[in-house]
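Novice: what follows is a predicted protein model with its sequence.
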Amino acid sequence: MSISTLALAALWRYPVKSMMGEELNSAIITNNGILGDRSYALLDLETNKIVSAKNPKKWPDIFSFHARYTETPTLEKTTPPVWITLPDGNIISSDQADAEQLLSLALKRTVSLSNKAPQHASLEQYWPEYEGENTEISNEAISGAADEGSFFDYASLHIVTTASLTKLQQLYPEGHLEARRFRPNLIIATNPEQTGFVENDWVGKTLTIGDVKLLITDPCPRCVMPTLAQGDLAKDAKILRTIAENTVHVPFADKALPSVGVYAKIIQPGVIRRGSIVTIE
């Protein structure tokens with residue numbers, strides 16, 4: 001029995017991990033998330049770790065890179081080349097001969113671009129609450145609940161509701177709490193009477209969009225990323241403090257982290273479209 005009828009307000013795909021992505025009108029949902037999402041990532045050749053905005057001290061400008069596909073991914077061609085817009089406005093293609101050289105110059109570190117994660121891939125994560133201590137930077141494995149070889153930090157689909165974004169804005173009216181700070185795949189528009197962090201109550205329930213069915217598995221833990229500058233959104237450390245003081249904390253590694261949004265597992269793949277009715281059962 002349906003307990004709530006909602007709508008899919010927006011959907012996003014991020015072709016290259018930790019770069020800005022592209023908003024979509026529709027998307028193919030596979031067993032491993034939105035087709036083409038986080039299909040590429042940069043590898044730091046000095047450390048053999050995945051380049052991630054979760055370590056802004058090493059990669060302060062990674063959110064100034066924008067990635068979009070040169071053609072729409074299909075089930076027959078899942079990872080076409082990507083156009084990458086560099087911080088200086090120049091655009092390169094991932095399949096041009098000097099792409100990695102130009103990316104390395106822009107990032108001031110030697111990197112390679114890959115569409116398959118190395119075995120036991122990990123990234124470096126900065127913890128602002130432990131700054132100055134030995135735990136300031138940690139090494140975190142990726143693809144926790146996603147397919148091995150993928151570049152997802154944990155799960156392959158991330159959902160945020162308009163109710164949660166509205167609640168955060170009310171808690172911190174001086175801030176700019178836009179959805180893009182949280183890099184969700186799906187933004188679900190809730191009904192006016194639904195307030196607060198409503199998606200936390202969806203854990204264990206099934207979300208249906210058209211012929212796609214998703215199992216909501218976990219609240220999404222939050223780190224430094226929502227506080228970072230993105231285009232016209234300024235760096236704002238108070239965002240994480242606001243989240244930490246007002247949301248549910250969930251276990252992550254050896255820590256308990258505040259959460260906003262939820263992770264989902266794909267039960268039934270298919271196609272979703274912006275504006276589609278969403279039901280929770």
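Specialist: Received it, and whenever you're ready, just let me know what you need.
Novice: which residue ranges of the stretch 51-200 of the chain form strands?
Specialist: 66-69, 82-85, 91-93, 111-114, 122-126, 137-141, 157-161, 186-189 (DSSP state E, counting those that start in this stretch).
Novice: which positions in the shortest one come out as buried?
Specialist: Along strand 91-93, the positions that meet the burial threshold by neighbour count (16 or more other C-beta atoms under 10 Å) are residue 92. For glycine as for every other residue, the C-beta is placed from the backbone atoms N, C-alpha and C.
Novice: give the other helices and strands that that strand contacts.
Specialist: strand 82-85, helix 99-107 (3 or more C-beta pairs under 8 Å, 6 or more residues apart in numbering; DSSP states H and E).
Novice: how far off centre is the last one?
Specialist: Read it as helix 99-107. Helix 99-107 sits 23 Å away from the centroid of its parent chain (C-alpha atoms, centre = their mean, to the nearest Å).
Novice: correct me if wrong: residue 83 contacts residue 91.
Specialist: Yes: if you go by C-beta atoms under 8 Å, residue 83 and residue 91 touch, sitting 5.6 Å apart.
Novice: out of the helices and strands packed on strand 91-93, which gets nearest to residue 206?
Specialist: Nearest to residue 206 among those is strand 82-85; the distance by C-beta to C-beta comes to 32.9 Å.
Novice: would you mark the buried spots in that closest one?
Specialist: Going by neighbour count (16+ other C-beta under 10 Å), the buried part of strand 82-85 is 82, 84-85.
Novice: follow-up on the earlier one: redo the helices and strands packed on strand 91-93 as JSON lines? Include mean pLDDT and distance to residue 35.
Specialist: Listed next are the helices and strands packed on strand 91-93 as JSON lines, based on pLDDT from 0 to 100; distance: least, C-beta to C-beta, whole Å:
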{"stretch": "strand 82-85", "mean pLDDT": "98", "distance to residue 35": "14"}
{"stretch": "helix 99-107", "mean pLDDT": "98", "distance to residue 35": "22"}
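Novice: looking at these, spot the one closest to residue 165.
Specialist: strand 82-85 (26.3 Å).
Novice: return the alpha-carbon coordinates of that closest one using CSV.
Specialist: Extracted in CSV, the C-alpha atoms of strand 82-85 (Å, rounded to 0.1, in the frame of the first residue of the first chain):
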residue,chain,number,x,y,z
VAL,A,82,33.8,13.0,-21.8
TRP,A,83,34.3,16.7,-22.4
ILE,A,84,36.1,18.3,-19.4
THR,A,85,36.0,22.0,-18.9
